[in-house]
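Asks: predicted model follows, preceded by the sequence.
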Amino acid sequence: MNQTRTLLFFALMFVAYVLWTQWEQDYGPKPAPAAPAAAQVDGKPAADGSVPGAAGTANVPADTAAAPAGKAELVTLQNDVLRLTIDTRGGSVIRSELLYYPNQPVTRKDPTPPPVRLLDDDAKTFFAAQDGLVSNTGAAPDHRALFHAEKTQAVLADGEKSVSLDLTWTDPSGVKVTKRYTLKRMDYVVDLDQRIDNGSQATWTGNAYQQLQRAPAEKVSWFKSYTDPAQHSFFGAGWYSPDTKFESMLFPDFQKNPLNRAITGGWISMLQHYFLVAWIPPADENVTYSSSIVDPNSATPRYLVRAFGPALSVAPGQAVDSVARLYVGPRLQGTLDAIAPGLDLTANYGWLKIIATPLHWLLSQLHAISGNWGVAIILLVLLIKAALYKLTDAQFRSGARMRKLQPRVQALKERYGDDRMKMQQAMMELYKKEKVNPMAGCLPILITFPIFIGLLRVLSESIELRHAPFFGWIHDLSAPDPFYVLPVLYFLVTLLTQRMMPTAGMDPTQAKMMKVMPLIFGVFFAFFPSGLVLYWTVNGATSLLQQWYINRSVDRAHEKAKTA
């Protein structure tokens with residue numbers, strides 16, 4: 001392969017990657033939610049969102065059913081990283097603010113942007129974490145029941161390790177339920193404890209459940225869908241089982257492939273760009289996981305995933321606790337598996353995981369040294385260039401020698417005219433005689449292209465790089481350069497690199513393509529994350545310097561040979 005075709009090869013590989021990614025999203029294999037017969041549970045999701053549990057248990061009421069009378073209020077639970085708003089109607093978590101994650105980059109004009117709101121009670125972006133109890137033998141507070149809170153706010157105080165908020169519900173029969181939410185310091189995990197005190201004269205039996213419910217993603221323009229990294233991130237539900245590991249389902253697939261499976265040691269979640277919310281039942285409980293669409297025929301349907309727990313039995317005068325954990329926070333790699341097995345798999349690298357995971361680790365180590373993610377990217381370039389130095393040296397020396405052969409190649413073209421076969425044979429003989437390898441330019445690009453694609457996934461999906469500043473005008477390495485400085489620099493570097501490439505043997509069509517390639521890639525990179533453009537610009541600049549140095553050394557050797 002002639003070195004001048006490297007950019008064309010790179011372009012074809014990039015287009016192939018884009019097409020493959022889109023094909024996987026549209027036609028790729030989807031997880032089969034159906035479980036084996038032994039694990040299958042009774043009942044199927046209903047159109048109103050209610051999903052029955054095992055035979056003999058009560059159904060979870062749908063949101064469309066009438067709620068008990070009474071006025072609800074909002075209460076707040078907060079530690080140093082997370083602020084939750086809880087509705088006493090059902091004791092549901094209806095808002096969550098991630099205090100360490102602003103919803104936009106910090107700038108001089110806006111030094112204190114508001115925090116990211118993950119759970120939200122706004123109708124357009126509705127997203128709630130709900131839980132409750134159901135029973136066939138007595139009263140039970142589901143996610144529509146009216147609870148009472150002793151205080152409207154509970155904030156973690158200095159010196160305290162945790163903070164809790166209690167909500168209570170009492171039935172005239174004597175059954176009392178106390179729902180306690182607890183937050184620990186520097187923790188995104190919310191501990192839920194539902195204590196059932198049976199003050200009635202009969203045994204109380206029922207089930208606990210937890211569910212996530214959210215509105216669909218807001219539709220965006222075609223331009224934003226292709227230029228915003230968030231639009232290429234996974235947006236849907238995910239769950240985990242020890243047998244099948246992590247599986248996921250896009251919201252459009254809820255209708256076709258509803259989840260209905262019994263799992264021990266699993267969890268269920270809803271994911272979006274950088275963040276997730278997950279209900280994590282106790283690892284030893286056999287839980288029924290299901291999905292449905294609430295009011296699917298309406299203009300504002302909602303998607304629902306549920307974890308329906310095993311049967312609970314409370315004798316008169318006794319109490320039983322039902323516990324679960326709720327994770328509301330960032331998809332931080334290397335930390336999530338400590339919360340629950342498989343939670344780290346929510347990092348959406350897809351089939352590029354084998355490349356992206358080590359790249360993320362290496363970038364993290366370089367960031368620990370430099371303190372700046374942009375500098376870490378530059379150091380990554382230098383490490384890769386050092387590792388591939390011998391290959392690129394052979395590539396550039398071959399290119400420099402081919403450039404020296406251009407007058408002789410041009411003479412061959414004039415000699416053989418339109419006889420392309422004889423022309424190619426003569427060129428191969430010339431390359432062999434002069435010890436020039438036209439394939440020398442292929443191997444480095446074959447190695448660096450997977451790194452390029454893997455880094456694209458890392459920059460698009462790793463929350464550590466979200467809103468990470470570099471220097472000057474770049475306040476977010478995961479977003480495009482706001483002033484297009486890096487894409488322009490890349491265009492100039494590519495243009496200069498192209499000028500140094502040999503063009504002998506190229507047909508007119510290929511020559512025209514090579515002339516427009518720098519402009520095409522400059523436009524492409526205008527919409528890529530600036531961290532990725534920084535990587536490729538520095539990579540191109542160092543290659544340009546290396547090629548310039550080798551060209552000079554080859555020229556000197558050529559002149560020395562002529563005068564000898």
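Replies: Perfect, thanks for sending it. Residues are numbered from 1 along each chain as shown.
Asks: on the C-terminal side of the host helix or strand of residue 414, identify the next helix or strand.
Replies: Using DSSP states H and E, residue 414 maps to helix 406-416. Sequence-wise, the next helix or strand downstream of helix 406-416 (DSSP H and E) is helix 420-433.
Asks: show me what that next one packs onto, helices and strands only.
Replies: Counting contacts by 3 or more CB pairs under 8 Å, 6 or more residues apart in numbering; DSSP states H and E, helix 420-433 packs against helix 406-416. Placement of C-beta: from N, CA and C, glycine included.
Asks: now for the helix it packs on, which elements pack on it?
Replies: On a contact count with 3+ CB pairs under 8 Å, 6+ apart, helix 406-416 meets helix 420-433.
Asks: helix or strand right after the helix it packs on?
Replies: In N-to-C order, the element after helix 420-433 by DSSP H and E is helix 442-461.
Asks: the longest helix anywhere in the chain versus helix 442-461: what angle between them?
Replies: In the chain, assigned by DSSP state H, the helix with the most residues is helix 530-563. Going by axes from the mean of the first three to the mean of the last three CA atoms, to 10 degrees, helix 530-563 is angled at 160 degrees with respect to helix 442-461.
Asks: on that earlier part again, what are the buried residues along the helix holding residue 414?
Replies: For helix 406-416, the neighbour count (16 or more other CB atoms under 10 Å) marks 409, 412, 416 as buried.
Asks: residue ranges with poor pLDDT in the stretch 251-400 of the chain?
Replies: Residue ranges of the stretch 251-400 of the chain with pLDDT under 70: 394-400.
Asks: all strands for it, in order.
Replies: Along the stretch 251-400 of the chain, the segments classed as strands by DSSP state E, counting those that start in this stretch run 260-264, 267-271, 275-280, 286-294, 302-314, 319-330.
Asks: what would these look like in JSON lines with mean neighbour count and distance to residue 371?
Replies: What follows is those, written out as JSON lines (neighbours: other CB atoms under 10 Å; distance: least, CB to CB, whole Å):
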{"stretch": "strand 260-264", "mean neighbour count": "21", "distance to residue 371": "42"}
{"stretch": "strand 267-271", "mean neighbour count": "24", "distance to residue 371": "30"}
{"stretch": "strand 275-280", "mean neighbour count": "24", "distance to residue 371": "25"}
{"stretch": "strand 286-294", "mean neighbour count": "24", "distance to residue 371": "42"}
{"stretch": "strand 302-314", "mean neighbour count": "21", "distance to residue 371": "40"}
{"stretch": "strand 319-330", "mean neighbour count": "19", "distance to residue 371": "20"}
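Asks: so which of the ones you listed is nearest residue 216?
Replies: Ranking the strands of the stretch 251-400 of the chain by proximity to residue 216 (CB to CB) places strand 302-314 first, at 6.7 Å.
Asks: the closest one packs against which elements?
Replies: Judged by 3+ CB pairs under 8 Å, 6+ apart, strand 302-314 is in contact with strand 189-198, strand 204-214, strand 236-241, strand 267-271, strand 286-294, strand 319-330.
Asks: hang on, residue 155 packs against residue 163?
Replies: Yes - assessed by CB atoms under 8 Å, residue 155 is found in contact with residue 163 at 6.5 Å.
Asks: what's the mean pLDDT across the longest helix of the chain?
Replies: When pLDDT is averaged over helix 530-563, the result is 80.
Asks: of the helices and strands packed on strand 302-314, which is nearest residue 348?
Replies: Using CB to CB, those put strand 267-271 closest to residue 348, at 7.3 Å.
Asks: tilt between that closest one and strand 286-294?
Replies: Calculated by the same axes, to 10 degrees, strand 267-271 forms an angle of 30 degrees with strand 286-294.
Asks: please work out the angle formed by the directions of strand 267-271 and strand 236-241.
Replies: If you take the same axes, to 10 degrees, strand 267-271 sits at 160 degrees to strand 236-241.
Asks: and what about residue 113, helix, strand or coil?
Replies: Judged by DSSP: H, G, I helix; E, B strand; the rest coil, the three-state class of residue 113 is coil.
Asks: check contacts around the closest residue to it other than its chain neighbours.
Replies: Closest residue to residue 113 apart from its sequence neighbours, by CB to CB, 6 or more residues apart in numbering: residue 102 at 4.1 Å. Counting by CB atoms under 8 Å, 6 or more residues apart in numbering, residue 102 makes contact with 112, 113, 114, 115, 116, 467.
Asks: the fifth one bridge partners, please.
Replies: For residue 116, the residues forming beta bridges with it (DSSP bridges) are residue 98.
Asks: quick one: which of residue 155 and residue 163 has more around it?
Replies: Legend: neighbour count by other CB atoms under 10 Å for residue 155 and residue 163, higher for residue 163 (18 against 14).
Asks: residue 98 contacts residue 329, correct?
Replies: Yes - counting by CB under 8 Å, residue 98 touches residue 329, with 6.3 Å between them.
Asks: which residues do those two both contact?
Replies: Common neighbours of residue 98 and residue 329 (criterion: CB under 8 Å, 6+ apart): 81, 82, 118, 188, 275.
Asks: how close does the second one sit to residue 528?
Replies: In other words, residue 82. 32 Å (CB to CB, to the nearest Å).
Asks: same check, this time on the last one
Replies: The gap separating residue 275 from residue 528 is 22 Å, by CB to CB.
Asks: please apply the same query to the third one.
Replies: For residue 118, the distance to residue 528 (CB to CB) stands at 26 Å.
Asks: check the first one too.
Replies: Residue 81 sits 31 Å away from residue 528, taking CB to CB as the criterion.
Asks: quick one: which of those two has more around it?
Replies: residue 528 (23 against 20).
Asks: ok so, going back, overlap of the contact sets of residue 155 and residue 163?
Replies: With contacts defined as CB under 8 Å, 6+ apart, the residues adjacent to both residue 155 and residue 163 are 78, 79.
Asks: number of nearby residues for the nearest residue in space to residue 180 that is not next to it in sequence?
Replies: Using CB to CB, 6+ apart and skipping the chain neighbours, the partner closest in space to residue 180 is residue 193 (4.5 Å). Using other CB under 10 Å, residue 193 has 15 other residues around it.
Asks: likewise residue 244?
Replies: Using other CB under 10 Å, residue 244 is surrounded by 14 other residues.
Asks: now swap in residue 344 and tell me
Replies: Around residue 344 there are 18 residues (other CB under 10 Å).
Asks: measure it to residue 278 for me?
Replies: 12 Å.
Asks: try residue 245
Replies: Taking CB to CB, one finds residue 245 at 15 Å from residue 278.
Asks: low-confidence ranges in the stretch 51-200 of the chain?
Replies: 51-58, 63-67, 69.
Asks: at 90 what do you get?
Replies: 51-72, 103-113, 123-124, 136-138, 150 (pLDDT under 90).
Asks: quick one: the strands in it?
Replies: 74-78, 82-87, 92-102, 115-117, 127-134, 148-149, 153-155, 162-170, 175-184, 189-198.
Asks: what comes up buried for the longest one?
Replies: Taking 16+ other CB under 10 Å as the neighbour-count basis, strand 92-102 is seen to contain the buried residues 92, 93, 94, 95, 96, 97, 98, 101, 102.
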